[in-house]
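here are the coordinates; sequence isn't available:
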């Protein structure tokens, strides 16, 4: 596509944590937004944005979110150069990135040096407990959300004290202008957009995790909470020991990870994990816990308390007094191979042959019956996956040793 040739009025604004002095150790990202007039066609905004990005960062690479932008390195810093529209109000946004300059302006007016320091402390706290990051793998607290909470509560300790007392539903509306009711575990109404929940991505587990650690820290302040948990990878022998000690049956569905970005991959993996669990439990298998991981390959991991079932299953009919349905049930089975029909209380009952007797058999033959993510569903329909059970899951240790350690050594 040829680059646009007509001149256009644009400006550049630095946004994000480096602009506001709220970055923490390890954050080496600088976000530069190039703002274009709102009447510029979307296609031209993308073309101009890439042209500017490639000129400023000639060794950079093009990335794609809601629209393309350029990412590169400069003097050891990771630079995101993102095109957006220059708007009067965040309610006029044409793409999600258009909100960011409004977030920046709002916080710059309210963040003192002392509060910025408290934001850095709170962000490190969130990192330490494993709840920092709004990516769809982590489903945690974004940097903007962390800043809003500290500004709203007036400091780091004050924020933890507020979190300690949170009761569902948690609704925080800094500008008292919310226009929408949200069904999320944590609601923080965007002060620049009354129709947006800044905390929409935060999983219930991460709300609970942060509340737990806030209570623990306030009761016993300690530096270790600011450091992420150090997890040592398990080897195959370790995995076999855990499996033997727990007396359960692990099952893993393994396939090549779909070639999509993490924010597309993990929602599909979570949906697939949950679909597999529902399918197993719906067929009578008892699930203890489940997880999913991805690297070069992806894994749907399920631990079963019951993985083998009898040859027959009980199937109850309607009560005898519901005549038409009871008669239909009786006539369906009376000349079949099932045990019965017979009466148990006021119902007809049969004991019929079970179609799937093992969890591994279900995973091998019935995965197409459960709700899966789109890319995972395509893989399953093509049969491009393996099923590992029992000690066989130890073979995953080379690639997923840390994930297996986190699974078998769970912590809040």
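Ah, there it is. Here the structure is a predicted model, which is why all the values come from computation and not from measurement.

Run a quick neighbour tally on the closest residue to residue 114 other than its chain neighbours.
Closest residue to residue 114 apart from its sequence neighbours, by Cβ to Cβ, 6 or more residues apart in numbering: residue 155 at 7.7 Å. All C-beta spots, glycine's among them, are computed from the backbone N, C-alpha and C. By other Cβ atoms under 10 Å, 17 other residues sit near residue 155.

so residue 155 sits right up against residue 116, yeah?
No: using Cβ atoms under 8 Å as the test, residue 155 is too far from residue 116 to be in contact (11.1 Å).

ok so, going back, phi, psi for the residue nearest to residue 114 please.
phi 150, psi 170 (degrees, to the nearest 10).

Tell me the secondary structure of residue 72, please.
When classified by DSSP: H, G, I helix; E, B strand; the rest coil, residue 72 comes out as strand.

longest single helix anywhere in this structure?
helix 262-282 (DSSP state H).

now for it, which elements pack on it?
strand 286-294, strand 297-306, helix 359-365, helix 374-381 (3 or more Cβ pairs under 8 Å, 6 or more residues apart in numbering; DSSP states H and E).

Strands along this structure, start to end?
Counting by DSSP state E, the chain has strands at residues 11-15, 29-36, 61-64, 68-74, 77-85, 170-172, 186-188, 249-256, 286-294, 297-306, 312-319, 339-344, 347-353, 386-389.

Quick one: list the elements packing against the third one.
In this case it means strand 61-64. Going by 3+ Cβ pairs under 8 Å, 6+ apart, strand 61-64 lies up against helix 42-56, strand 68-74.

Let me have those in JSON lines, extended by distance to residue 226, mean pLDDT and mean neighbour count.
Output for these, formatted as JSON lines (distance: least, Cβ to Cβ, whole Å; pLDDT from 0 to 100; neighbours: other Cβ atoms under 10 Å):
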{"stretch": "helix 42-56", "distance to residue 226": "35", "mean pLDDT": "94", "mean neighbour count": "17"}
{"stretch": "strand 68-74", "distance to residue 226": "27", "mean pLDDT": "93", "mean neighbour count": "18"}
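
a markdown table for those, including distance to residue 107?
Listed next are the helices and strands packed on strand 61-64 as a markdown table, based on distance: least, Cβ to Cβ, whole Å:
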| stretch | distance to residue 107 |
| --- | --- |
| helix 42-56 | 24 |
| strand 68-74 | 22 |
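
Ok, which of these comes nearest residue 124?
Across the helices and strands packed on strand 61-64, the minimum distance to residue 124, taken as Cβ to Cβ, is reached by strand 68-74, at 24.0 Å.
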